[in-house]
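*Asks:* What follows is a protein structure lacking sequence information:
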């Protein structure tokens, strides 16, 4: 059996932000590198494929009640890469508030220093709080953000491809260090960016760092079909997840890629203990920290309904829902996922809050280690995903409980790897070194006017940019 | 005796870029994390204060003959911070091609994860190659770049100061996590940036990461006087160095700071072996890798003279020099340093190239370990600097030779530390936690309209932002 990749979120605290009030939780854990080192080591011991950090470059609302976004994930994970050997790193970066040259160069560097373990999770960042930290009065609308993200990834991937393998000659006798004809400028002039390139150094072990994409809107899905190696998504029901995965695979095919070259990683919030009883006790404890009224209002408005219209225990049916997802909804993916849950059968706001780990949107999975393993196996065999992004419900407990209790069961069932064998994250995920067809076409188109600086790429070129790991 | 700080450059290869042709040099060392780990460990074993990486975000000219700028230093050093405990990191970052919010946040994160070892070396980046990677047709002129840098550091330092110590309350009983009145927005609207702030998390162990400044133009010196904890500079003669240090101390005083709160770190390219004879042999070997004609032309034009006017062995006198440094000269500091050398006595271009490590500008110091230690001691006792930024002539040899051969002599003479005692880099350099007077004044001025979100800072406020480490 192939697949069943596991990606573990280090985000601290997250879905249950008020968990800092529990006696066993360190309220400053999100600033404590020792905390993250322990989690990273637990992940490596369990042969987890990658660890993951979400992000948003701003202080959000509610700091009086709970910690918010934490340390910059690029720095935190680059630092952690210095103390482990195998595990990959999925680092969330915004296409709205980074420049493509800096981002391409930084992930190139991370790929070199980590020996092929770097992955970037591309997000477009839609919050006004972030916009205000970067000189914008309001955040750009979603279509603009995704047009920018698309151009951004086009530039970034071409920068990553700019040094042909073998461009460095290093001939001591003649004194030739590199062949400049095999190091391309990209000479990009688009709607959002003008970038000459190339990067100062050749590509790292992966060629291109792994590209993860997480947005569920039409723009996000187009981006995924064209560029993503891994799509990180949300689903509350198996049919919804299967349909999503089929859609992504179709989009990849339409973009000239093999459908297996895009992996779907399904987000699940996991709360796991030795026994179901203990897991349920901890679930109650966590829910007691949450401000239920606010969360009910949030889930109701996120569906495009008036906040006051439904109390915690009023039933919401599909008839009550507006036809389209709310205009400008923060996340199209979360919205579709919650609607699918109501389509399955009518639900109360309280139930929706509980099913989605306090209203965060992702499915909450509670149980003993065997129950959690059974559930993940069932979803995997149901064709919902190529793997899971596990978000520990209580980071202080569930990250280590998952690696210590659940992973050995998945390994014993032959679902999950027991050793790290592949050299790079890209190989471990069975991803090819993609050659983006549009980028290749553009190079061909431009070849005649780049003869001074580049060798034209042709479709038959045996360049190592294509399926380097195949 | 206080002072005598040592900062070691990891830049590979640099002053003798063509050294990759020597049989003992790995032409791909600048991409090899193992190479940097060995150097970092050697630095830690020798109790070096900090390691340093210069940078420029572009591929420069000449890749056919030698490697250029290397891996992104932020990532490389963040990674290396994961495998050592004590040594500081001086990371060059451009104010032209970064946003202040991202930079402030990333160095805040690095300070947390490295437990107080982060330093940023602020440069304004004046190359057209870099400009073309960031959407600019040409790079901004020097006064504009320094106005931007000044506003940049004003924003960054205020972001670093935005959480008052004690803002996080974490009272489990009441559920109060932080006091929002003690977390300031900065609401900056300037010529170059609009930034609301604050950062999502409190300051790290240093309060503010250490600020290093390296530009020698008037704009650079003003920046240094207002903001720098450490000024990295160049001098070929002791009188020039003493005059520079006096000037910097005067500027700090004029900005309301104590002159001892700005340290001067003098750049020296070191080529050291067990014996002088062996060092001289290696010096000849390195010079044989260099294209002398090009370097002679470069040093002549850098002085504002026509390239063809002076052959390698023609004598240049002060009378031949134009009155002011060449307009738009890449580096005012390097220019002044070379002029001081000619003022001492007439020099030939060949001599200038040799004295400045192949025309790089910094003084080349060649000799046995004792000779190198004698020289550094003489310059230190001459009041030229508070310490040195050592640039190994041949990174493959001189970094480890310096730490293994020279440092023990400096330690035996009581000049250099034999143990790491201070907890943070800032403490080790005997720097206070500065409170920038202008920033403080601005806060006072704005206090009345920030009452919704901030407690006004008053000059008598016992806020830990001031001299936290004193």
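*Replies:* In hand now; what should we look at? Only a predicted model underlies this, so the values are computations on that prediction, with no experimental measurement involved.
*Asks:* give the contact list for the residue lying closest to residue A:211 once chain neighbours are set aside.
*Replies:* Nearest residue to residue A:211, sequence neighbours excluded (CB to CB, 6 or more residues apart in numbering or on different chains): residue A:229, at 5.0 Å. The C-beta positions use only the backbone N, C-alpha and C, and glycine is treated the same way. Taking CB atoms under 8 Å, 6 or more residues apart in numbering or on different chains, we find residue A:229 in contact with A:119, A:210-212, A:261-263, A:426, A:429, A:431, A:434.
*Asks:* State the pair within those that is farthest apart.
*Replies:* The two members of these with the most space between them (CB to CB) are A:119 and A:261, at 14.8 Å.
*Asks:* Pull the contacting residues for the one residue in the stretch 251-400 of chain A that gets nearest to chain B.
*Replies:* Here the stretch 251-400 of chain A gets closest to chain B at one residue, residue A:289, 8.5 Å apart by CB to the nearest CB. For residue A:289, the contact set (CB under 8 Å, 6+ apart) comprises A:16, A:18-19, A:21-22.
*Asks:* Give me the longest strand you can find in chain A.
*Replies:* strand A:263-273 (DSSP state E).
*Asks:* residue ranges with poor pLDDT in chain A?
*Replies:* Flagging of chain A using pLDDT under 70 yields the residue ranges A:1-3, A:324-331, A:358-360, A:434-470.
*Asks:* Which residues of the stretch 101-250 of chain A lie near chain B?
*Replies:* A:101-102, A:105-106, A:108-110, A:112-115, A:129, A:132-136, A:168, A:170, A:172, A:175-180, A:183, A:193-202 (CB under 8 Å from any CB of the partner chain).
*Asks:* list the helices and strands the longest strand of chain A packs on?
*Replies:* Under the contact definition 3 or more CB pairs under 8 Å, 6 or more residues apart in numbering or on different chains; DSSP states H and E, strand A:263-273 sits against strand A:5-9, strand A:230-233, helix A:238-254, helix A:276-288, strand A:363-368, helix A:369-381, strand A:387-392, helix A:398-401.
*Asks:* Which elements pack onto the second one?
*Replies:* Using 3+ CB pairs under 8 Å, 6+ apart as the contact criterion, the neighbours of strand A:230-233 among helices and strands are strand A:210-213, helix A:238-254, strand A:263-273.
*Asks:* Indicate each strand paired with it and its parallel or antiparallel sense.
*Replies:* strand A:210-213 (parallel), strand A:263-273 (parallel) (DSSP bridges).
*Asks:* These: which one's closest to residue B:339?
*Replies:* Using CB to CB, these put strand A:210-213 closest to residue B:339, at 50.9 Å.
*Asks:* thinking again about what came up before, just say which of the helices and strands packed on strand A:263-273 is most tucked in.
*Replies:* Ranked by mean neighbour count, the helices and strands packed on strand A:263-273 are led by strand A:230-233 with a mean of 28 (mean count of other CB atoms under 10 Å in any protein chain shown).
*Asks:* ok, now which ones touch the closest residue to residue A:413 other than its chain neighbours?
*Replies:* Nearest residue to residue A:413 in three dimensions, chain neighbours excluded: residue A:377, at 6.7 Å (CB to CB, 6+ apart). Shown in contact with residue A:377 (CB under 8 Å, 6+ apart): A:410, A:413, A:415.
*Asks:* Output those residues as a markdown table; include the columns neighbour count and secondary structure.
*Replies:* Below are those laid out as a markdown table (neighbours: other CB atoms under 10 Å in any protein chain shown; DSSP: H, G, I helix; E, B strand; the rest coil):
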| residue | neighbour count | secondary structure |
| --- | --- | --- |
| A:410 | 23 | helix |
| A:413 | 13 | coil |
| A:415 | 19 | coil |
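*Asks:* Nearest to chain B among the residues you listed?
*Replies:* When the contacts of residue A:377 are compared against chain B (criterion: CB to the nearest CB), the nearest one is residue A:410, at 28.6 Å.
*Asks:* ok, and the closest non-adjacent residue to the closest one?
*Replies:* Nearest one to residue A:410, counting by CB to CB, 6+ apart, is residue A:416 at 4.0 Å.
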